[in-house]
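Participant: Sequence and predicted structure are below.
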Amino acid sequence: QNLGRFTFLEACATACKSCGDSCEEHASMHEHCRICAEACRRCEQACRELITSLT
């Protein structure tokens, strides 16, 4: 059961990293991209911290 949780959390972290990377490319030009990049980075970090806490 934990394997499914880890898979889900890793997928979430990967998606958030991808989103953050994409938004970061435009962050200096668009305020909404900067905000989105920050939110995606926080989400990625939260997923990674949860994975660590479950191991």
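Facilitator: Right, received. Where do you want to start? Residues are numbered from 1 along each chain as shown.

Participant: By mean pLDDT, point me to the weakest helix or strand of this protein.
Facilitator: None of the helices or strands of the chain scores lower by mean pLDDT, DSSP states H and E than helix 2-26, at a mean of 93.

Participant: List every C-alpha atom in the helix or strand following that helix, with coordinates, as CSV.
Facilitator: Downstream of helix 2-26, the next assigned helix or strand under DSSP states H and E is helix 31-54. Coordinates of each C-alpha in helix 31-54 appear next as CSV, following Å, rounded to 0.1, in the frame of the first residue of the first chain:
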residue,chain,number,x,y,z
GLU,A,31,4.4,38.0,-12.7
HIS,A,32,1.9,35.1,-12.9
CYS,A,33,4.7,32.8,-14.1
ARG,A,34,6.9,33.7,-11.1
ILE,A,35,4.0,33.0,-8.7
CYS,A,36,3.2,29.7,-10.5
ALA,A,37,6.9,28.7,-10.4
GLU,A,38,7.1,29.4,-6.6
ALA,A,39,3.9,27.4,-6.0
CYS,A,40,5.2,24.5,-8.0
ARG,A,41,8.5,24.5,-6.1
ARG,A,42,6.6,24.5,-2.8
CYS,A,43,4.4,21.6,-4.0
GLU,A,44,7.5,19.6,-5.2
GLN,A,45,9.2,20.2,-1.9
ALA,A,46,6.2,19.1,0.1
CYS,A,47,5.9,15.9,-1.8
ARG,A,48,9.5,15.1,-1.4
GLU,A,49,9.3,15.8,2.4
LEU,A,50,6.3,13.6,2.7
ILE,A,51,8.1,10.8,0.9
THR,A,52,11.0,11.2,3.3
SER,A,53,8.8,11.1,6.3
LEU,A,54,7.1,7.9,5.2
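
Participant: Show me what counts as buried in helix 31-54.
Facilitator: Judged by neighbour count (16 or more other C-beta atoms under 10 Å), helix 31-54 contains these buried residues: C33, C36, A37, C40, R41, C43, E44, C47, R48, I51. All C-beta spots, glycine's among them, are computed from the backbone N, C-alpha and C.
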